[in-house]
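Undergrad: fold the following, please.
(one chain, ligands or ions: 1)
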Amino acid sequence: MLILLCGIVFLHVAALALLFVSTVVSAWAVNPTSSADLWFNCTTINGVNSCQPGDTGVWIQAVQALMILSIIFSFLSLFLFFCQLFTLQKGGRFFLTGAFQVFASLFVMSGAIIYTVMNAEWVPPSESFGFAYILAWVAFPLILISGLIYVILRKRE
Ligand SMILES: *[C@@H]1O[C@H](CO)[C@@H](O)[C@H](O)[C@H]1NC(C)=O
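TA: Here you go, the predicted model:
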């Protein structure tokens, strides 16, 4: 049981870290001289780095909000897990923890889907997807899996 608990916490923390890195690292849309995240577009020309605010359209705002919500929900889920670890009856399920985590995964999934479908509105065609975008897609299944494990996990002594 202890190994299982450590494993799920490790998975959760790893997914949360990926989500966090994905949201703050400026590498959603990249080309050889510039890289943009959800907020800024930074260009390096002749070694000089300059950043400009990115697009402020409705869809990019939706992606920003979904990524932040996802981090908040996943973080709350981790917090709830530790609360439930000490308060749940033997045999109880980590249902609340799992619910928050599943919501977090739905948020990051929606954000990544919106970014994939709508990015033509704010990303020029010359750009390609950066690793932060890929991390968001990697974080999604990890968060979903950890959420589902929480839902089926029963507390034992
Ligand atoms: C960022 O700015 C550079 C230089 O203005 C431009 O070439 C690039 O397409 C921009 N990237 C995004 C994602 O807007």
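Undergrad: now the residue positioned nearest the centre of the chain. Nearest residue, chain neighbours left out?
TA: Centroid-nearest residue in the chain: Leu19, 3.1 Å away (criterion: Cα atoms, centre = their mean). Nearest residue to Leu19, sequence neighbours excluded (Cβ to Cβ, 6 or more residues apart in numbering): Ala139, at 4.5 Å. Backbone N, C-alpha and C define where each C-beta goes, glycine included.
Undergrad: what comes up buried for the longest helix seen in the chain?
TA: In the chain, assigned by DSSP state H, the helix with the most residues is helix 58-87. Buried residues in helix 58-87, defined by neighbour count with 16 or more other Cβ atoms under 10 Å: 60, 63-64, 66-67, 69-71, 73-78, 80-81, 84.
Undergrad: what's the answer for stretch 114-129, then?
TA: 115, 118-119, 122-123, 127, 129.
Undergrad: now stretch 36-45
TA: Using 16+ other Cβ under 10 Å as the test for burial, stretch 36-45 gives 36-39, 41-42.
Undergrad: just give me how far that stretch sits from the chain centre.
TA: On the basis of Cα atoms, centre = their mean, to the nearest Å, stretch 36-45 sits 20 Å off its chain's mean C-alpha point.
Undergrad: take the buried residues of stretch 114-129 and write them to TSV, including distance to Thr97, pLDDT and secondary structure.
TA: Shown next, in TSV, are these (distance: Cβ to Cβ, whole Å; pLDDT from 0 to 100; DSSP: H, G, I helix; E, B strand; the rest coil):
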residue	distance to Thr97	pLDDT	secondary structure
Tyr115	27	95	helix
Met118	32	92	helix
Asn119	33	90	helix
Trp122	35	89	coil
Val123	36	91	coil
Glu127	38	91	coil
Phe129	32	94	strand
